[in-house]
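Engineer: the following block contains a protein sequence and its predicted model.
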Amino acid sequence: MVETKPTDAPERPDQPMIAAKGLVKRFGSFTAVDGIDVEVRAGEAFGFLGPNGAGKSSTMRMIGCVSPPTAGSLRIFGMDPVRQGPQIRARLGVCPQQDSLDLELTVLENLTVYARYFGIPRKVARERARELLDFMQLGDRAGDTTDPLSGGMKRRLTIARALINEPEIVLLDEPTTGLDPQARHLVWDRLFRLKQRGVTLVLTTHYMDEAEQLCDRLVVMDGGRIVAEDSPRALIAEHSTREVLELRFGLDPLEPIAEKLDGIGERVEVLPDRILLYTPDGDEAGAAVTGRKLHPSSVLVRRSTLEDVFLHLTGRTLVD
Ligand SMILES: Nc1ncnc2c1ncn2[C@@H]1O[C@H](COP(=O)(O)OP(=O)(O)OP(=O)(O)O)[C@@H](O)[C@H]1O
């Protein structure tokens with residue numbers, strides 16, 4: 001079992017684990033994070049969802065106390081990351097976007113060496129490392145060198161390493177980017193179990209399915225700003241319809257076809273390769289399309305996702 005500290009540990013019971021108000025990050029004259037307000041509560045899984053360049057990593061780096069805010073206020077465990085960085089970092093686990101493992105060390109050593117940064121006694125570090133490797137399903141690789149591990153294993157090892165100091169908050173920057181579907185599901189499963197143990201998870205992602213799987217609450221970011229905030233389910237209910245009818249017409253130009261769909265469903269979006277018809281009932285809308293003598297090469301009815309929310313809010317798709 002992985003021991004985790006109780007996470008209702010902010011200094012005041014009603015105090016959020018992370019509180020940002022008007023938070024800004026500028027690089028020269030470029031504003032990467034443009035005045036965001038965020039509150040993360042103990043025990044929740046909170047996500048920053050947005051496309052590349054939205055400002056997610058810049059926000060995470062400020063929360064991780066490695067990049068000072070340009071303006072606004074940021075408190076983590078009620079503390080100031082600029083003045084109290086070391087005290088905050090001792091209670092954080094950080095899983096960066098790029099794995100930064102020591103590939104020449106063994107899997108176990110990657111954890112025990114990292115434990116030294118936190119002043120964890122050697123014996124405790126070894127015990128904890130073994131437990132964490134078991135938890136991350138890497139126990140049988142403990143004595144192996146790290147380099148030959150698969151991408152999914154390396155990512156799980158990076159997460160295990162982030163847990164060595166028994167953090168109350170774990171920051172995960174794009175935790176499954178670059179992994180195949182099976183490896184992603186295994187990471188999701190372990191993160192879900194961590195959350196069940198009361199650890200607060202804060203993650204960035206540009207995968208809407210990852211946000212839907214893992215996050216209790218999320219903010220949708222675009223161009224350094226927050227464009228929406230809620231649970232995945234509430235965001236979909238507020239900004240999309242129950243179902244979506246996806247229509248493809250081979251190489252035919254789509255704009256003229258979209259005009260002929262007027263009145264079917266609640267809203268139409270034209271993407272480069274397909275038309276999306278937003279409707280409470282996809283089958284009914286499909287029948288109406290057939291009734292107008294339009295002949296799509298393929299028709300798909302699916303439920304709305306966060307991708308549809310993003311498209312509706314920004315006019316763009318999440319993964320371009
Ligand atoms: N050190 C830096 N100097 C200059 N510009 C930067 C720096 N770091 C980030 N940026 C810029 O700030 C913007 C936001 O970057 P950020 O990495 O926060 O986005 P992101 O949403 O995490 O996207 P990604 O998934 O690509 O990392 C981008 O336009 C990026 O080029």
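Structural biologist: Happy to help now that I have it.

Engineer: stretch 199-213: how far from the chain's middle?
Structural biologist: 3 Å (Cα atoms, centre = their mean, to the nearest Å).

Engineer: do the same with stretch 299-315
Structural biologist: The answer for stretch 299-315 is 18 Å, by Cα atoms, centre = their mean.

Engineer: ok, stretch 139-147 next?
Structural biologist: So, by Cα atoms, centre = their mean, the centroid of stretch 139-147 is 28 Å from its chain's centroid.

Engineer: C-alpha coordinates for that stretch, CSV please?
Structural biologist: Taking C-alpha atoms only, stretch 139-147 is exported to CSV below (Å, rounded to 0.1, in the frame of the first residue of the first chain):
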residue,chain,number,x,y,z
GLY,A,139,8.0,-4.2,-9.0
ASP,A,140,9.5,-6.9,-11.2
ARG,A,141,11.7,-4.3,-13.0
ALA,A,142,13.2,-2.8,-9.8
GLY,A,143,16.8,-4.1,-10.5
ASP,A,144,16.8,-3.4,-14.3
THR,A,145,18.4,-0.5,-15.9
THR,A,146,15.9,2.2,-16.9
ASP,A,147,16.9,2.9,-20.5
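
Engineer: start to end distance for stretch 163-171?
Structural biologist: 10 Å (Cα to Cα, to the nearest Å).

Engineer: same question for stretch 163-175.
Structural biologist: 14 Å.

Engineer: can you list the weak-confidence ranges in the stretch 51-200 of the chain?
Structural biologist: Within the stretch 51-200 of the chain, not a single segment meets pLDDT under 70.

Engineer: what does it have sitting close to the ligand?
Structural biologist: Contacts of the stretch 51-200 of the chain with the ligand, taken as Cβ under 6 Å from any ligand atom, map to Asn52, Gly53, Ala54, Gly55, Lys56, Ser57, Ser58. All C-beta atoms are positioned from the backbone trio N, CA, C, and that covers glycine.

Engineer: among those, which lie within helices?
Structural biologist: Residues of those located in helices (DSSP state H): Lys56, Ser57, Ser58.

Engineer: how many other residues sit next to the last one?
Structural biologist: Spelled out, that is Ser58. Neighbours of Ser58 under the rule other Cβ atoms under 10 Å: 22.

Engineer: wait, it touches Leu23, no?
Structural biologist: No. Judged on Cβ atoms under 8 Å, Ser58 makes no contact with Leu23 at a distance of 9.7 Å.

Engineer: and the helices in the protein, which stretches?
Structural biologist: So, for the chain - with DSSP H - the helices run 56-63, 85-89, 107-116, 122-135, 151-162, 181-196, 208-214, 232-239, 254-259, 282-291, 306-314.
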